[in-house]
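Novice: Sharing a sequence plus its predicted fold:
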Amino acid sequence: MRNAFILTGILALLLASIAAADPGDTLWTRTYGGSDADYGYGVQQTSDGGYIIAGETASFGAGSYDIYLVKTDANGDTLWIRTYGGSGSDEARSVQQTTDGGYIIAGSTTSFGAGRSDVYLVKTDANGNTLWTRAYGGSNYDEAMFVQETTDGGYIIAGSTRSFGAGGWDVYLLKTDANGDTLWTRTYGGSDYDDGWSGQQTADGGYIIAGATESFGAGGDVYLVKTDANGDTLWTRTYGGSSWEVGSSLQQTADGGYVIGGCTDSFGAGGDVYLVKTNANGNTLWTRAYGGADFEEATCVRQTTDGGYIVAAYTSSFGAGGDDVYLVKTDANGDTLWTRTYGGSDTDWGYSVQQTSDGRYIVAGYTESFGAGSRDVWLLKLVSEQLPAVSIEIVPDNPPVTVPQGGSFGFTGTVTNNTEDPQVVDAWVMAVGPEPQGIYWGPFKEFEDLGLAPGQTRSAHFNQRVPNLAPLGFYDYIAYSGDYPSTVVDSSYFQIEVITGEASGSTGWVLTGSFLEGDFTDLPSEFTLSGNYPNPFNASTQIRYEVPATAHVKLEVYNLFGQKVATLVDGQQEAGYRSVTWEDSEAASGVYFYKLTAGDFTEVKRMTLLR
């Protein structure tokens with residue numbers, strides 16, 4: 001064990017050696033449409049690696065505007081297009097691939113239904129052929145902005161209504177069965193203007209809806225409504241300042257809280273992208289504004305695999321034209337990592353963004369600068385942050401980690417070769433803190449010249465004992481891969497808090513465990529299946545388990561219908577602490593179960609995927 005040293009030039013040397021990324025660069029763009037106006041509002045990567053885009057078209061179809069559905073391959077080349085609608089105006093605002101391989105599309109219609117416009121739901125097969133359509137609403141205006149297949153096989157639709165509720169416009173939530181037949185509807189709002197822009201089924205089986213309200217708050221605020229599984233209100237929150245704010249996009253995050261993207265006139269430079277991060281109860285953790293002297297608005301926000309956020313928006317402050325597509329990438333605290341604009345001399349807007357299975361980004365919107373018509377659907381595939389040659393990740397057993405002096409905590413470490421060539425790397429672990437000293441402790445353990453075959457991953461469980469005289473407070477516990485001590489290729493960390501403990505136990509930072517097979521010093525005493533982390537998760541999650549003796553181990557993933565969707569492990573394993581990552585770009589949002597079988601031991605746990 002080495003002594004602590006002050007964080008000075010050594011840290012600068014380590015961090016300066018991390019390879020620079022050049023994210024946000026365009027891999028390719030595609031336009032879709034005819035001689036008239038065509039818009040893309042929603043995009044999702046499909047199970048075959050391609051994309052589905054939903055919007056509206058005046059170039060094709062039966063009416064003034066029809067729903068426009070475009071299916072592409074992984075390169076954005078068109079496989080087929082479909083239109084849906086009647087003699088009036090019909091548009092799609094949201095699309096999702098369903099568990100049967102088809103698609104569910106939500107928007108609004110003036111061609112069908114009971115009122116001036118109605119919520120319009122279209123269910124198709126995998127080739128875009130219509131299976132059924134439904135219209136919902138009353139005698140006035142009703143519209144949908146979001147649809148999602150729910151864990152019971154039905155659908156949840158979020159939008160706005162002037163036909164029902166307490167005010168001029170109210171938030172509108174509809175729950176249907178698998179055939180689109182209404183199970184219940186709810187409205188939320190007051191005597192003034194309230195509308196819903198985005199929604200989602202949450203990990204507890206309830207629902208969350210984001211939008212805008214003039215009935216509550218400080219005067220035109222972001223509006224967040226949390227309900228139970230029956231749509232009954234659990235709580236509401238508003239966010240904003242003395243001017244106005246709108247919440248356009250919403251997602252439940254891996255920590256169980258929520259992130260909301262929209263627009264603010266109260267903060268920033270005036271008319272800026274607005275990002276609000278909350279905890280599970282809707283209480284504000286932080287807010288951020290992004291933009292320039294003119295106008296910006298976020299249309300979509302999604303959490304990324306690094307724990308940060310990607311925001312799609314449009315901007316009048318930056319770029320080449322009147323309005324340009326505006327992309328903002330942040331870290332987990334909402335601090336800007338990079339921004340990019342895309343477009344030409346005319347107006348170009350981005351409406352939807354998603355991180356794809358290869359870690360890159362897909363953006364859908366419309367363009368006046370390119371394409372065949374006055375406005376065309378625009379699809380952009382963008383470079384993401386570059387993967388390091390050898391990445392390292394550490395995940396604590398039971399976050400958040402609070403450990404007494406002289407106590408210990410466990411974690412799983414993983415090193416991965418992200419290249420097609422063999423790699424040799426060093427790995428080491430340190431801790432920094434507590435503030436304000438900024439003292440680095442370690443390295444606690446070094447693995448020199450760790451060999452990794454192309455694409456190979458090594459995972460192991462570790463136990464870290466904390467000194468009985470460790471200073472009290474918060475530490476960043478950090479693992480590095482690279483060439484010790486001068487070059488860092490990648491790093492990973494989590495926070496620990498050291499609290500008062502007994503004046504006994506370890507006098508140093510003692511780390512046990514190894515990335516080398518059979519080199520474990522703290523073998524488990526029984527079979528154990530731990531909770532996956534993170535849960536809920538967006539793209540991938542780690543499942544940890546313990547094997548006390550050599551055994552045939554099987555780890556499988558099942559959906560709610562009892563159908564096996566993945567076999568993660570099936571073979572003989574020696575004693576040790578194990579960790580497996582499940583990542584499946586074909587899996588839809590919902591609840592899944594993972595089952596560990598080893599000899600006479602069987603255990604099943606539940607996890608939730610949120611896309």
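Specialist: All right, it came through fine.
Novice: Can you report how many residues lie near the nearest residue to residue 79 once chain neighbours are set aside?
Specialist: Excluding the flanking residues, the one nearest residue 79 by C-beta to C-beta, 6 or more residues apart in numbering is residue 71, at 4.7 Å. (Each C-beta comes from the backbone N, C-alpha and C, glycine too.) Using other C-beta atoms under 10 Å, residue 71 has 19 neighbouring residues.
Novice: Is residue 71 part of a helix or strand, or is it coil?
Specialist: Here residue 71 is recorded as strand under DSSP: H, G, I helix; E, B strand; the rest coil.
Novice: list the contacts for it?
Specialist: Going by C-beta atoms under 8 Å, 6 or more residues apart in numbering, residue 71 touches 46, 50-53, 78-81, 128.
Novice: For PyMOL, write the selection for the buried entries among those.
Specialist: Buried residues among these (16 or more other C-beta atoms under 10 Å), as a PyMOL selection:
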select buried, resi 46+50+51+52+53+81+128
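Novice: which residues does residue 547 bridge with?
Specialist: On the basis of DSSP bridges, residue 547 is bridged to residue 576.
Novice: Against residue 607, how distant is it?
Specialist: 20 Å (C-beta to C-beta, to the nearest Å).
Novice: With residue 187 instead?
Specialist: Distance from residue 187 to residue 607, by C-beta to C-beta: 33 Å.
Novice: My reading is that residue 217 is in a helix; is that accurate?
Specialist: No. Residue 217 is assigned coil when assessed by three-state DSSP, not a helix.
Novice: Now it. Nearest residue, chain neighbours left out?
Specialist: Closest residue to residue 217 apart from its sequence neighbours, by C-beta to C-beta, 6+ apart: residue 238 at 3.3 Å.
Novice: Can you pull the domain assignment for the protein?
Specialist: Following the assignment in automatic domain parsing, the chain carries domains at 1-19+388-519, 523-611.
Novice: Need those domains in TSV (columns: mean pLDDT).
Specialist: Putting the domains of the chain into TSV (pLDDT from 0 to 100) gives the following:
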stretch	mean pLDDT
domain 1-19+388-519	76
domain 523-611	83
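Novice: which one of these lies closest to residue 275?
Specialist: With C-beta to C-beta as the measure, domain 523-611 is the member of these nearest residue 275 (16.4 Å).
Novice: Could I get the full set of strands for the stretch 251-400 of the chain?
Specialist: Ranges of strands in the stretch 251-400 of the chain, per DSSP state E, counting those that start in this stretch, are 258-264, 272-278, 284-290, 296-303, 309-315, 324-330, 336-342, 348-355, 361-367, 376-382, 390-396.
Novice: Distance check, the residue nearest to residue 79 against residue 52.
Specialist: From residue 71 to residue 52 the distance is 6 Å (C-beta to C-beta).
Novice: Mutual contacts of these two, please.
Specialist: Here residue 71 and residue 52 have residue 46 as joint contacts, going by C-beta under 8 Å, 6+ apart.
Novice: what bits of the stretch 1-150 of the chain have low per-residue confidence?
Specialist: Across the stretch 1-150 of the chain, the ranges flagged by pLDDT under 70 are 1-22.
Novice: redo that, cut-off 90
Specialist: Residues of the stretch 1-150 of the chain meeting the criterion pLDDT under 90: 1-27, 46-49, 63, 74-75, 99-101, 115.
Novice: dump the residue contacts of the residue nearest to residue 217.
Specialist: Residue 238 neighbours (C-beta under 8 Å, 6+ apart): 213, 216-218, 221-224.
Novice: Repeat that for residue 83.
Specialist: 57, 60-62, 66-69.
Novice: picking up where we left off before, which positions within the helix or strand containing the residue nearest to residue 217 qualify as buried?
Specialist: Take DSSP states H and E as the rule and residue 238 turns out to sit in strand 233-239. Neighbour-count burial for strand 233-239 flags 236-239 (criterion: 16+ other C-beta under 10 Å).
Novice: Let's see it as CSV, backbone CA atoms only.
Specialist: What follows is the C-alpha trace of strand 233-239 in CSV, where atoms were taken according to Å, rounded to 0.1, in the frame of the first residue of the first chain:
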residue,chain,number,x,y,z
THR,A,233,-53.0,11.5,-9.3
LEU,A,234,-50.2,10.7,-6.8
TRP,A,235,-48.6,14.1,-7.0
THR,A,236,-48.0,17.1,-9.3
ARG,A,237,-45.1,19.5,-9.6
THR,A,238,-44.4,22.8,-11.5
TYR,A,239,-41.0,24.2,-12.5
